[in-house]
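A.B. asks: Quick one: sequence and predicted model below, then my questions.
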Amino acid sequence: MANQPNIRRIVLCLLRFDLWAADTITDELSALHRLENIDYHFQRMWRGLPTVELQVLDEWLRSPELYHNQPLFALRQHVEGFSERQLNSVVMNSSARTLYTRLLFKRISKLVEQKAINGFATRHPDRAFEESQGLLIEQRPATRGEYLVTVAHRLHETHLRLKAVIREARVFRDCIMIATEARDLEFPAMQVLKEKLEALNEYYEDSYRELGEEMAERLMNTQIPEFWDVGPQVPPHAVDAYPAHLPSLNFMLFNFFFLASIPAYFCFCSTPVGPGSHVDANFYQLLSSNVLQVSSIVTLLWPTIFHAKLSRSAWFWSWMLAGVSLICVVLSVIMYLVVSIGWSSILSLFGEASICVVSLMLIFRV
């Protein structure tokens, strides 16, 4: 996550959802129980982030600007102080997605309930006022007129709050898109953000239906590939997948070459002088080894020799070393029968070493 401004915008959206979820879920609780739930909620959701006092959180949740288009100024200032690690912890917090589904569901439920209360108050104003429908006992207005105004205002406020949530869901999606295009998000973060957007999408269409508005665009289009449908970034070369092991790979390869030369030397020294015979057991062992060596050349070069990532130089040397290995295969058999068994084994070893170098080259270039 290199570009922190893009990530901060995403985090700001997520923290707004957290605040709205806490406000929506605790709205009908008594003051004491509300504070207890808020304290528990944010201790769990904002663990590892700069501490916000419970009194400050309560002020944010009671602010008339909580559901405005722009985030609370204090919340923006709070997010500006986050370190890169803290930004990443908010993005990667997968437990938050369940609250986002609950947030939209509860906001829709509140709008349905408020519509029913407003409709009842419109049809039966005296009875609704007498029963104080939709209000706590201590919230009961002094007159019927005040009660009807309060109920109508609550319906309007509930309507606007649901619209604010679905509007912020679109902002959240667009922020993810911007960060993705700028290559600021890696695959694990993209996967977690996708799950959070899916949680918001679950009741997105129902929200518009309850608001009585036409949905201009989907939050997530399931019919076409979306911008987050990417897998882990493939490294440019296979060896780049494990850069920390590169020195060990080079060290081990040349050490194996050295170790292989030791028994080859003793084999050369202890082999009888002169050529061998086609009825020798070692001759048939040489033939089987050469067949496997040719098989290695074919399986290595056939799928990769025309690979786009194989540069001209690597292409040339791959073919060159493969050709050397094939020549060693043929000459080792001829030399075994005509010249010397010892030199035949040296040629065979040299051909196998050539194939190892080709393997290493293909690992680095493809």
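C.D. replies: Yep, that arrived.
A.B. asks: Going by C-alpha atoms from here, please, whenever you check contacts or count neighbours.
C.D. replies: Noted.
A.B. asks: next SSE after the lowest-mean-pLDDT helix or strand in the chain?
C.D. replies: The helix or strand of the chain with the poorest confidence is helix 246-270; it has a mean of 70 (mean pLDDT, DSSP states H and E). Once the chain leaves helix 246-270, the next helix or strand it forms, by DSSP states H and E, is helix 281-304.
A.B. asks: So which other helices or strands are in contact with whichever helix or strand comes after that next one?
C.D. replies: From helix 281-304 onward toward the C-terminus, using DSSP H and E, the following helix or strand is helix 312-338. Using 3 or more CA pairs under 8 Å, 6 or more residues apart in numbering; DSSP states H and E, the elements in contact with helix 312-338 are helix 281-304, helix 341-365.
A.B. asks: Now do the shortest one: everything it contacts.
C.D. replies: Just to be clear, that refers to helix 281-304. Here helix 281-304 makes contact (CA atoms under 8 Å, 6 or more residues apart in numbering) with 276-278, 310, 318, 322, 326, 329, 333, 336, 348, 352, 355, 359, 362, 366.
A.B. asks: change it to 10 Å
C.D. replies: Contact partners of helix 281-304, identified using CA atoms under 10 Å, 6 or more residues apart in numbering, comprise 276-278, 307, 310, 315, 318-319, 321-323, 325-326, 328-330, 332-333, 336-337, 341, 344-345, 348, 351-352, 354-356, 358-359, 362, 365-366.
A.B. asks: how many other residues sit next to residue 214?
C.D. replies: Counted with other CA atoms under 10 Å, the neighbours of residue 214 add up to 9.
A.B. asks: Using the three-state scheme, assign it.
C.D. replies: Classification of residue 214 by DSSP: H, G, I helix; E, B strand; the rest coil places it in coil.
A.B. asks: again, but for the one 4 residues further on
C.D. replies: State at residue 218, reduced to three classes by three-state DSSP: coil.
A.B. asks: Go ahead and confirm it touches residue 170.
C.D. replies: Yes. Here residue 218 reaches residue 170: they are 9.0 Å apart, a contact under CA atoms under 10 Å.
A.B. asks: Give me the common contacts of those two.
C.D. replies: residue 201.
A.B. asks: which residues sit in contact with residue 139?
C.D. replies: By CA under 10 Å, 6+ apart, the contact set of residue 139 is 132, 147, 150.
A.B. asks: Now do the contacts for the nearest residue to residue 274 once chain neighbours are set aside.
C.D. replies: Distance criterion CA to CA, 6 or more residues apart in numbering; nearest residue to residue 274, sequence neighbours excluded, is residue 340 at 4.7 Å. The neighbourhood of residue 340, defined by CA under 10 Å, 6+ apart, consists of 268, 271-276, 332, 334.
A.B. asks: Okay, buried residues for the longest helix along the chain please.
C.D. replies: Using DSSP state H, we find that the single longest helix of the chain is helix 144-181. Neighbour counts over helix 144-181 (16 or more other CA atoms under 10 Å) mark 144, 147-148, 150-152, 154-155, 158-159, 161-166, 168-173, 175-180 as buried.
A.B. asks: immediately after it, which helix or strand?
C.D. replies: Criterion used, DSSP H and E; the element after helix 144-181 is helix 187-201.
A.B. asks: Check which helices and strands that next one sits against.
C.D. replies: Secondary-structure packing of helix 187-201 (3 or more CA pairs under 10 Å, 6 or more residues apart in numbering; DSSP states H and E): helix 4-25, helix 84-91, helix 97-123, helix 144-181.
A.B. asks: CSV for the ones you listed, including distance to residue 292 and mean pLDDT?
C.D. replies: Shown next, in CSV, are these (distance: least, CA to CA, whole Å; pLDDT from 0 to 100):
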stretch, distance to residue 292, mean pLDDT
helix 4-25, 54, 91
helix 84-91, 51, 89
helix 97-123, 55, 91
helix 144-181, 47, 91
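A.B. asks: Generate JSON lines for these, with distance to residue 78 as supplementary columns.
C.D. replies: Below are the helices and strands packed on helix 187-201 laid out as JSON lines (distance: least, CA to CA, whole Å):
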{"stretch": "helix 4-25", "distance to residue 78": "9"}
{"stretch": "helix 84-91", "distance to residue 78": "12"}
{"stretch": "helix 97-123", "distance to residue 78": "21"}
{"stretch": "helix 144-181", "distance to residue 78": "18"}
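A.B. asks: Now do the same contact list for residue 75.
C.D. replies: Here residue 75 is in contact with 12, 15-16, 57, 60, 66 (criterion: CA under 10 Å, 6+ apart).
A.B. asks: for residue 322, same thing?
C.D. replies: Shown in contact with residue 322 (CA under 10 Å, 6+ apart): 294, 296-298, 300-301, 316, 328, 351-352, 354-358.
A.B. asks: What separation do you get for it and residue 295?
C.D. replies: Counting by CA to CA, to the nearest Å, the separation of residue 322 from residue 295 is 11 Å.
A.B. asks: Residue 121 and residue 135 touch, don't they?
C.D. replies: No. Look at residue 121 against residue 135 with CA under 10 Å: they stay out of range, at 12.0 Å.
A.B. asks: Please pick the buried ones from the contacts of residue 322.
C.D. replies: 294, 296-297, 300-301, 328, 351-352, 354-358.
A.B. asks: of these, closest to residue 107?
C.D. replies: The closest of these to residue 107 turns out to be residue 300 (CA to CA; 60.7 Å).
A.B. asks: from the helices and strands packed on helix 312-338, which stretch is densest packed?
C.D. replies: helix 341-365 (a mean of 20; mean count of other CA atoms under 10 Å).
A.B. asks: I'm done for today, thanks for sticking with me.
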